[in-house]
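S.K.: Sharing a model that was predicted from the sequence below.
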Amino acid sequence: MKSSESFLDLPAGPFRALTWGSGQETVLFLHGLTGVAEVWGPTVAHLATGRRYVALDQRGHGQSPRPSTGYGTGAFVRDTLAAIDRLGAPVHLVGHSMGARIAILVAVRHPAALRTVAIVDIGPEASKANIQATLAGVSARPETFASEAEALAFAFRNREPAPAAAAVFLARLEPAGTGQLRWRSSRGALEQTVRSHRGRGYWREWRSIRLPALFIHGGASNEVSVAVADRMRAANPSVRFERYASVGHNIPLIAPEQLAHSLGQFWAAP
């Protein structure tokens with residue numbers, strides 16, 4: 001399936017979306033921190049036809065609005081609900097990392113907007129250590145690159161990326177003049193997002209999920225430990241649970257075929 005680009009006119013501004021396929025059912029994908037809609041392309045490539053698949057650039061990311069403030073979870077939830085309203089509710093909602101946290105909140109607070117929810121490798125716990133580690137990573141990244149080659153060398157270190165992986169990474173950057181590239185997501189937006197989203201816990205919301213839900217855990221994730229994932233499984237046994245052994249946090253790019261298989265089975269379940 002080939003994607004088409006469009007912009008959804010939402011209250012916060014025009015949000016960029018990629019759409020693949022068509023059908024009576026719509027799947028809405030929400031990426032993680034620093035991501036863009038393109039991160040879902042490898043997964044969609046392995047999904048069955050007959051549905052409409054839509055991935056957003058979330059606020060502060062990609063080519064969607066990048067306000068100077070307004071990065072609490074409530075703003076992301078409102079964006080998602082507005083997108084669902086434009087696309088036509090109910091939808092299947094799939095979120096990874098930061099996007100998965102928003103998916104949890106939408107599922108609990110606005111279940112009528114969803115058919116199902118899939119939560120890919122995020123936990124409901126607050127974590128000062130995660131905030132500090134993520135902010136350190138954001139602060140350490142170069143803000144500009146002299147060329148695509150320099151950007152790819154930073155992203156993939158000493159290995160040659162596959163063309164699809166290189167394209168997904170370069171979609172996170174924009175021209176900065178004289179051949180340079182810079183991040184589409186500003187450091188300030190990312191810092192606000194991390195502090196807000198990881199500054200409190202969401203265990204009450206996790207236990208309150210009642211609509212059909214799938215949680216996928218990367219067994220080698222540096223974001224969700226095995227202990228936390230097992231606690232999540234026990235806290236809400238109604239959520240379908242899958243663990244990908246030896247797979248890290250970035251599941252949509254590391255294991256897209258496996259993810260697509262899990263999603264397809266989940267959506268087909270009675």
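M.R.: Cool, the structure landed.

S.K.: Tell me what the residue lying closest to residue 175 once chain neighbours are set aside is bridged to.
M.R.: Leaving aside its sequence neighbours, residue 175 sits nearest to residue 181 (Cβ to Cβ, 6 or more residues apart in numbering; 6.4 Å). Every residue, glycine included, has its C-beta placed from N, CA and C. Using DSSP bridges, the beta-bridge partners of residue 181 come out as residue 145, residue 175.

S.K.: ok, residue 84 - contacts?
M.R.: By Cβ atoms under 8 Å, 6 or more residues apart in numbering, the residues touching residue 84 are 28, 90-91, 93, 113-114.

S.K.: May I ask which of those residues has the most neighbours?
M.R.: Counting neighbours by other Cβ atoms under 10 Å, residue 93 leads the contacts of residue 84 with 29 neighbours.

S.K.: Now do the same for it: helix, strand or coil?
M.R.: strand (DSSP: H, G, I helix; E, B strand; the rest coil).

S.K.: Confirm for me that it is in contact with residue 114.
M.R.: Yes - between residue 93 and residue 114 there is a contact under Cβ atoms under 8 Å: 5.2 Å.

S.K.: what's the overlap in contacts for these two?
M.R.: Common contact partners of residue 93 and residue 114 (Cβ under 8 Å, 6+ apart): 84, 106-107.

S.K.: could you dump those to CSV with pLDDT and secondary structure?
M.R.: Shown next, in CSV, are the shared contacts of residue 93 and residue 114 (pLDDT from 0 to 100; DSSP: H, G, I helix; E, B strand; the rest coil):
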residue, pLDDT, secondary structure
84, 98, helix
106, 98, helix
107, 98, helix
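
S.K.: closest to residue 14 among those?
M.R.: The closest of these to residue 14 turns out to be residue 84 (Cβ to Cβ; 16.4 Å).

S.K.: and the gap between the closest one and residue 255?
M.R.: 27 Å (Cβ to Cβ, to the nearest Å).

S.K.: Distance of the residue most central in space within the chain relative to residue 179?
M.R.: Nearest to the mean C-alpha position of the chain, by Cα atoms, centre = their mean, lies residue 31 at 1.8 Å. Note on residue 31: its distance to residue 179, by Cβ to Cβ, is 27 Å.

S.K.: Just give the number of residues close to residue 186.
M.R.: Applying other Cβ under 10 Å, we find 16 residues neighbouring residue 186.

S.K.: just residue 200 next, same as before
M.R.: 10.

S.K.: Am I right that it is in a strand?
M.R.: No - read with three-state DSSP, residue 200 is coil and lies in no strand.

S.K.: ok, for it, nearest residue in space, not its chain neighbours?
M.R.: That would be residue 126: by Cβ to Cβ, 6+ apart, it lies 5.3 Å from residue 200.

S.K.: So that neighbour: helix, strand or coil?
M.R.: Here residue 126 is recorded as coil under three-state DSSP.

S.K.: now the helices for this structure?
M.R.: With helices called from DSSP state H, the chain shows them at 41-44, 73-87, 98-109, 128-140, 148-156, 163-170, 187-197, 203-208, 226-235, 251-254, 256-268.

S.K.: Export stretch 188-198 to CSV, keeping only CA atoms.
M.R.: The C-alpha trace of stretch 188-198 is given here as CSV (Å, rounded to 0.1, in the frame of the first residue of the first chain):
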residue,chain,number,x,y,z
GLY,A,188,11.7,22.7,24.3
ALA,A,189,8.6,20.8,23.1
LEU,A,190,10.2,17.5,23.9
GLU,A,191,11.3,18.6,27.4
GLN,A,192,7.8,19.9,28.2
THR,A,193,6.3,16.6,27.0
VAL,A,194,8.5,14.3,28.9
ARG,A,195,8.2,16.3,32.2
SER,A,196,4.4,16.4,32.0
HIS,A,197,3.8,12.9,30.8
ARG,A,198,6.2,11.0,33.0
